[in-house]
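Colleague: Sequence and predicted structure below; questions after.
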Protein chains: 2
Amino acid sequence: MRMAAMADLNSPYLIYLGDTQIQELAKTGLGLVYWRPERCLGQLREESCVADLGIPDMSIAKAVAAGARTLVLGTAFIGGQMPPEWIDRIVEALEAGMDVASGLHTPLSSFPAIAKAVRTTGGTTHDVRLAKGTFPVASGLPRSGQRLLALGTDCAVGKKYAALAIHREMVAQGMDATFRATGQTGVLIDGKGICVDAIVSDFISGAVEQLTPAAEATHWDVIEGQGALIHPAYAGVSLGLLHGAQPTAFVVCHEDGREELSAFHSHKTASIAEIIDLTVLLSRRVAPEIRCGGICLNTSKLNETDARDRLADLSVEHGVPACDPVRFGVSEIVSNLR
Amino acid sequence: MRMAAMADLNSPYLIYLGDTQIQELAKTGLGLVYWRPERCLGQLREESCVADLGIPDMSIAKAVAAGARTLVLGTAFIGGQMPPEWIDRIVEALEAGMDVASGLHTPLSSFPAIAKAVRTTGGTTHDVRLAKGTFPVASGLPRSGQRLLALGTDCAVGKKYAALAIHREMVAQGMDATFRATGQTGVLIDGKGICVDAIVSDFISGAVEQLTPAAEATHWDVIEGQGALIHPAYAGVSLGLLHGAQPTAFVVCHEDGREELSAFHSHKTASIAEIIDLTVLLSRRVAPEIRCGGICLNTSKLNETDARDRLADLSVEHGVPACDPVRFGVSEIVSNLR
């Protein structure tokens, strides 16, 4: 019962894209194929679909015959209304014996046809964005194991990507590590985790303590961060996550050149130094040994020479490795953490 | 619709105490009678009840005849099981045309007899601890009006009492002020407010923005605080509340002599200076003009001379008035805020 409210999806997946017209909107599906290709059996696309994950197209029947266990909604629909073909495909998947997983705000069971199919088939729908059940209040007690948290100077600066990249590099270097998803895309990619921003405020640190339990002294939990400690809307989520995580190390993620908070244009982004200082200050009671393990910078607006210069400057300025996880990988950060 | 999810109770109240055996357990009822006597028509006590609010005993029929609109559960029951007489009284009140308000974790509608009475009478139950509906994400935009937030060095150090006392003193001094409740006891006392610890994390700052809207430049919202910025379990709530409140001023509440966090004994309480510094630091982006308006100290463990000496020392140390709201009032803090 300890992890009763944590999402846990059965794989392999059939990824549903509907008739997604723009490749980038299929970001959950793209993330799944990039980070967990071994779990992705195929994609299901309607005739007019433009997005393409580059994996085999399959009908539900064919996917089930090949062993698919869960239909994952790989793209967000626009405008708030679930198109009829989505509902039909979800019902079809349930009737074929599959589970269905969604990162949408609206619970799948709120659609009468889907609710009926769940009742008649006994199938399972996973609304990973909606917390199920309850978590305990945090204890704040010290626990064993190494934990790395990805923090950011804003939302959407690559915290999830950084955490997944660091986890992959740790495994590649032979380290014992687990990725811990804390947002809907991360949970769908990894098949498990907790959407912490959907947890009732009183229990957010307690939920993160459950997500990242005590472990062997050399084991690393690599934890996706959320929001930013300076964010006018989400700082409570970020601090509750930081306290629950009790990190032994952290990285700070930033997008080079971003000066205003995404979708909060009257607010300035934090500096990297501000997030380092705040993280150390706000952790000192629950994680007094915490240290900054590196900086992850999105350099996509710079040419390669400028990007390398910028990373070198940041590394000197802050005394830790600075990497662009997408462009150059994170091996220096992982070596620094070992 | 703007305040759709905010509790708003009809008064006057009949306060129900069941058979409460210990006076202190009736703390919601005691708070109601102390802070809002004009709303408290009477109390309803079972034969074996020991607790006494010092207001007229009334049956439900007599209270309704006298104009009572809401039965408020004035005490917490012990052990988690609602005793049968509580359920019977709640049903009786609904059938007599009253609303029922509860600060319990369990929704009243989860009891079949109460759910049935709601259906048949069309009555209303208020579970103030459970958020109804949704709140928007915070905007973080500046807004007019004065706002004071009560912060603490721990939970249960008198933040609610301090805010209610400051509000009362402001009104006595002819200032335009509104108390803003953020916890279940505060909401039941004031009849309105939002239990912020029950809000989904993503929306906590947005809920507080709604609770404390833009106002005249000289109007004060006096906002009950929750948790503590250093608390291992509740700091996320405290920071989300701070950001949503955008306070122009704050007071820090502390219990003299408390060294460990209440119910978290391996953690030290914060110092007053630590909370002042953290509050100013964490507010600088949403409330750059914030200032500490005073210190509220619970001196109940000191004799009067020692209490006055301790308050004088604190006032010198921090450069702001220091008061014991229960023992000596808060007039100096309010004068300092004017």
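Modeller: Cool, got the structure.
Colleague: what does the stretch 51-200 of chain A have sitting close to chain B?
Modeller: Neighbours of chain B within the stretch 51-200 of chain A, by C-beta under 8 Å from any C-beta of the partner chain: A:Ala131, A:Val137, A:Ala138, A:Ser139, A:Gly140, A:Leu141, A:Val196, A:Asp197, A:Ala198, A:Ile199, A:Val200. No exception for glycine: its C-beta is placed from N, CA and C like everyone else's.
Colleague: So which of the residues you listed wins on neighbours?
Modeller: A:Val196 (31 neighbours; other C-beta atoms under 10 Å in any protein chain shown).
Colleague: Look up the closest residue to A:Cys40, ignoring the ones flanking it.
Modeller: With C-beta to C-beta, 6 or more residues apart in numbering or on different chains as the criterion, A:Cys40 has its nearest non-adjacent residue at 5.2 Å, and that residue is A:Val33.
Colleague: what's downstream of the host helix or strand of that neighbour, the next helix or strand?
Modeller: According to DSSP states H and E, A:Val33 maps onto helix A:27-35. Toward the C-terminus, helix A:27-35 is succeeded by strand A:40-45 as the next helix or strand (DSSP H and E).
Colleague: pull the CA atoms of that next one into PDB?
Modeller: In PDB, the C-alpha atoms belonging to strand A:40-45 read as follows (Å, rounded to 0.1, in the frame of the first residue of the first chain):
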ATOM      1  CA  CYS A  40       7.300   1.300 -27.600                       C
ATOM      2  CA  LEU A  41       5.800  -1.400 -29.800                       C
ATOM      3  CA  GLY A  42       4.100   0.800 -32.300                       C
ATOM      4  CA  GLN A  43       2.100   4.000 -33.100                       C
ATOM      5  CA  LEU A  44      -1.500   4.300 -34.000                       C
ATOM      6  CA  ARG A  45      -2.300   7.300 -36.300                       C
END
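Colleague: Contacts for it next, please.
Modeller: A:12-20, A:29, A:32-33, A:51-53, A:55-60, A:62-63, A:66-68, A:71, A:74, A:89 (C-beta atoms under 8 Å, 6 or more residues apart in numbering or on different chains).
Colleague: model confidence over it, on average?
Modeller: Mean pLDDT, strand A:40-45: 98.
Colleague: following that strand, which helix or strand comes up?
Modeller: On the C-terminal side of strand A:40-45, the nearest following helix or strand under DSSP H and E is helix A:60-65.
Colleague: Give me the buried stretch members for that next one, please.
Modeller: Buried residues in helix A:60-65, counting neighbours by 16 or more other C-beta atoms under 10 Å in any protein chain shown, are found at A:Ile60, A:Ala63, A:Val64.
Colleague: quick one: the helices in the stretch 151-300 of chain A?
Modeller: Ranges of helices in the stretch 151-300 of chain A, per DSSP state H, counting those that start in this stretch, are A:159-172, A:184-190, A:204-211, A:235-245, A:272-283.
Colleague: can I assume the residue nearest to A:Cys40 is in contact with A:Ile55?
Modeller: Yes. A:Val33 is in contact with A:Ile55 according to C-beta atoms under 8 Å; the separation is 5.9 Å.
Colleague: does the residue of the stretch 1-150 of chain A at minimum distance from chain B count as helix, strand or coil?
Modeller: The nearest approach of the stretch 1-150 of chain A to chain B comes at A:Gly140, 2.5 Å away (C-beta to the nearest C-beta). State at A:Gly140, reduced to three classes by DSSP: H, G, I helix; E, B strand; the rest coil: coil.
Colleague: Show me the contact partners of stretch A:107-114.
Modeller: Taking contacts as C-beta under 8 Å, 6+ apart, the residues outside stretch A:107-114 that touch it are A:82, A:87-88, A:90-91, A:94, A:100, A:102, A:115, A:118, A:125, A:127, A:130.
Colleague: got the buried residues for it?
Modeller: In stretch A:107-114, counting by 16+ other C-beta under 10 Å, buried: A:Leu108, A:Phe111, A:Ile114.
Colleague: Cross those against helices and list the overlap.
Modeller: A:Ile114 (DSSP state H).
Colleague: so can I have JSON lines of the buried residues of stretch A:107-114 showing pLDDT?
Modeller: Shown next, in JSON lines, are the buried residues of stretch A:107-114 (pLDDT from 0 to 100):
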{"residue": "A:Leu108", "pLDDT": "94"}
{"residue": "A:Phe111", "pLDDT": "94"}
{"residue": "A:Ile114", "pLDDT": "97"}
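Colleague: quick one: the residue of the stretch 1-150 of chain A closest to chain B from B:His265, how far?
Modeller: According to C-beta to C-beta, to the nearest Å, A:Gly140 stands 11 Å off from B:His265.
Colleague: quick one on the thing from earlier: what's the burial count for the residue nearest to A:Cys40?
Modeller: 20.
Colleague: Give me the distance between it and B:Leu188.
Modeller: Applying C-beta to C-beta to A:Val33 and B:Leu188 gives a distance of 52 Å.
Colleague: got it, and A:Ala207?
Modeller: A:Ala207 sits 27 Å away from B:Leu188, going by C-beta to C-beta.
Colleague: now swap in A:Leu241 and tell me
Modeller: Relative to B:Leu188, and taking C-beta to C-beta, A:Leu241 is found at 31 Å.
Colleague: Let's see stretch A:136-144 as PDB, backbone CA atoms only.
Modeller: In PDB, the C-alpha atoms belonging to stretch A:136-144 read as follows (Å, rounded to 0.1, in the frame of the first residue of the first chain):
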ATOM      1  CA  PRO A 136       1.300  10.800   4.300                       C
ATOM      2  CA  VAL A 137       2.600  14.000   5.700                       C
ATOM      3  CA  ALA A 138       6.400  14.200   5.300                       C
ATOM      4  CA  SER A 139       8.600  13.000   8.200                       C
ATOM      5  CA  GLY A 140      11.600  15.100   7.300                       C
ATOM      6  CA  LEU A 141      13.800  12.300   8.800                       C
ATOM      7  CA  PRO A 142      17.200  11.600   7.100                       C
ATOM      8  CA  ARG A 143      17.400   8.600   4.800                       C
ATOM      9  CA  SER A 144      20.100   6.700   3.100                       C
END
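Colleague: so how far is it off the chain centroid?
Modeller: 23 Å (C-alpha atoms, centre = their mean, to the nearest Å).
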